[in-house]
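Participant: coords below, sequence missing:
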């Protein structure tokens with residue numbers, strides 16, 4: 001046990017002291033926060049730069065009067081002939097367009113939008129949206145309907161989604177927040193398991209290639225070396241996670257305070273203008289959503305504990321396999337044929353999480369995936385924000401620990417032989433042969 005502790009200490013201290021560790025630890029949060037700030041800045045700049053000027057040739061006669069200017073587009077009725085207008089368009093400023101409305105607009109429902117380059121998609125959508133409204137209003141008039149009365153029809157409805165707890169009480173269910181957290185955890189756990197598992201494999205390959213392991217193995221057993229390396233690098237990962245969370249919270253707080261003063265930019269950056277509801281419904285729908293209550297409905301204590309439990313369990317399980325692969329090959333190039341089968345069980349629930357798991361978190365597929373040790377680190381963390389019975393979480397964690405023990409025993413039998421093998425390409429048949437060797 002003392003030897004394992006010494007190896008853990010050596011792996012942890014040597015990696016934490018590296019400049020690359022400090023660089024990645026501090027740069028990753030700044031990189032993501034910088035990207036977060038860049039989205040707001042570039043979105044604001046984009047909306048300023050893409051304001052379109054649309055000159056109109058209205059052969060129908062009444063349509064141009066109904067087109068309205070807004071922050072994205074400015075309409076201007078043209079009195080020059082078509083050829084002269086096209087000539088001016090070629091020499092015109094950026095985002096200048098020519099809208100030709102034919103005389104049979106209401107029947108043919110076709111228009112032409114000319115531009116010196118490819119017309120901006122946003123400009124096309126804006127013109128299309130306003131013209132559709134004009135056609136719709138014209139049809140209302142023909143049917144004898146009052147357009148103003150129709151516009152003031154309020155069809156907004158609020159759904160008070162509630163879930164029944166184990167005690168029989170009803171509490172607000174904020175599915176949108178649960179989905180957002182689930183997708184974030186899914187991405188984080190998948191990335192972290194692959195990232196830190198690969199670090200274990202690289203460490204083994206590096207020591208094997210430099211023949212350092214021949215010296216080390218004379219003092220400790222292969223199993224002790226493997227476990228010390230896995231736990232040591234795992235502690236590095238936990239340290240990095242804690243620092244990332246702490247630094248991210250500080251930077252997000254500072255940045256959000258500065259950026260969200262401009263609410264219009266924030267709304268545009270979040271894409272609300274892409275799916276805006278008609279009239280006042282957009283404002284009402286978003287104003288009615290209580291973010292404080294939504295976040296209060298999430299059990300962050302349970303979420304944090306479960307994250308670290310399933311991160312550790314998944315990391316230990318997959319790192320044992322990555323260590324076995326690292327011991328069986330002489331370079332990272334050779335390791336490619338073995339890493340794909342290892343990561344596939346993680347990739348399956350990751351892909352399914354975007355549809356199956358979040359849409360039916362309590363279904364049979366989601367439940368079984370959250371119980372299988374190789375898929376549970378991702379699947380269970382996707383399900384937890386939606387509320388999972390405690391017995392399922394405990395059973396899943398227990399099966400994960402059991403899976404780790406079996407996987408470690410399997411990997412150790414390959415590791416003890418492969419760690420001293422040089423110059424021989426490993427195959428699946430060869431790995432099974434090493435596994436069957438007696439001590």
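Facilitator: Looks like it came in fine. The model shown is predicted, which means the values in this text are computed figures rather than measured ones. Numbers count the residues shown, from 1 in each chain.
Participant: May I ask you to confirm that residue 382 is in contact with residue 349?
Facilitator: Yes. Contact between residue 382 and residue 349 holds when scored by Cβ atoms under 8 Å: they sit 7.2 Å apart. For glycine as for every other residue, the C-beta is placed from the backbone atoms N, C-alpha and C.
Participant: intersection of neighbour lists for these two?
Facilitator: Taking Cβ atoms under 8 Å, 6 or more residues apart in numbering as the contact rule, the neighbours common to residue 382 and residue 349 are 186, 357.
Participant: What segments of the stretch 101-250 of the chain are helices?
Facilitator: All helices of the stretch 101-250 of the chain, identified by DSSP state H, counting those that start in this stretch, fall at 105-108, 121-142, 147-151, 175-209, 212-216, 222-259.
Participant: buried ones in stretch 82-97?
Facilitator: Residues of stretch 82-97 classed as buried by neighbour count (16 or more other Cβ atoms under 10 Å): 85, 92, 95, 96, 97.
Participant: just to revisit the earlier point, which among the helices of the stretch 101-250 of the chain is found nearest to residue 388?
Facilitator: Within these, the stretch nearest residue 388 is helix 175-209; the backing value is 11.2 Å (Cβ to Cβ).
Participant: Now do the closest one and helix 222-259, the angle between them.
Facilitator: When axes from the mean of the first three to the mean of the last three Cα atoms, to 10 degrees is applied, the directions of helix 175-209 and helix 222-259 differ by 140 degrees.
Participant: Just the buried positions in helix 175-209, please.
Facilitator: Within helix 175-209, the residues that count as buried by 16+ other Cβ under 10 Å are 177-179, 181-183, 185-186, 188-190, 192-194, 196-201, 203-205, 207-208.
Participant: can you check stretch 382-398 too?
Facilitator: Residues of stretch 382-398 classed as buried under the neighbour-count rule (16+ other Cβ under 10 Å) are 382, 383, 384, 385, 386, 387, 388, 392, 393, 396, 397.
Participant: export the residues you listed to JSON lines and tack on pLDDT and secondary structure?
Facilitator: What follows is the buried residues of stretch 382-398, written out as JSON lines (pLDDT from 0 to 100; DSSP: H, G, I helix; E, B strand; the rest coil):
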{"residue": "382", "pLDDT": "84", "secondary structure": "helix"}
{"residue": "383", "pLDDT": "84", "secondary structure": "helix"}
{"residue": "384", "pLDDT": "82", "secondary structure": "helix"}
{"residue": "385", "pLDDT": "79", "secondary structure": "helix"}
{"residue": "386", "pLDDT": "78", "secondary structure": "helix"}
{"residue": "387", "pLDDT": "78", "secondary structure": "coil"}
{"residue": "388", "pLDDT": "82", "secondary structure": "coil"}
{"residue": "392", "pLDDT": "90", "secondary structure": "helix"}
{"residue": "393", "pLDDT": "90", "secondary structure": "helix"}
{"residue": "396", "pLDDT": "92", "secondary structure": "helix"}
{"residue": "397", "pLDDT": "92", "secondary structure": "helix"}
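Participant: Can you redo the residues you listed as TSV, where the extra columns are distance to residue 406?
Facilitator: Below are the buried residues of stretch 382-398 laid out as TSV (distance: Cβ to Cβ, whole Å):
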residue	distance to residue 406
382	24
383	24
384	24
385	29
386	29
387	30
388	24
392	21
393	21
396	16
397	15
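Participant: Report the inter-axis angle for the helix or strand where residue 417 lies versus helix 222-259.
Facilitator: Counting by DSSP states H and E, the element that carries residue 417 is helix 390-418. Compare the direction of helix 390-418 with that of helix 222-259 by the same axes, to 10 degrees and you get 130 degrees.
Participant: how far does helix 390-418 sit from the chain's center?
Facilitator: Its chain's C-alpha centre and that of helix 390-418 lie 28 Å apart, by Cα atoms, centre = their mean, to the nearest Å.
Participant: got it, and stretch 55-74?
Facilitator: So, by Cα atoms, centre = their mean, the centroid of stretch 55-74 is 41 Å from its chain's centroid.
Participant: roughly how far apart are residue 337 and residue 415?
Facilitator: Taking Cβ to Cβ, to the nearest Å as the criterion, residue 337 is separated from residue 415 by 18 Å.
Participant: more crowded one of those two?
Facilitator: With other Cβ atoms under 10 Å as the criterion, residue 337 and residue 415 differ in neighbour count, and residue 415 comes out ahead with 25 against 14.
Participant: for the more buried one, what are its contacts?
Facilitator: If a contact means Cβ under 8 Å, 6+ apart, then residue 415 has 222, 223, 226, 323, 324, 327 as its contacts.
Participant: domain parsing for the chain?
Facilitator: In the assignment given by automatic domain parsing, the structural domains of the chain cover 51-147, 175-277+295-436.
Participant: So for residue 38, which of those domains sits nearest?
Facilitator: Among those, the nearest to residue 38 by Cβ to Cβ is domain 175-277+295-436 (10.0 Å).
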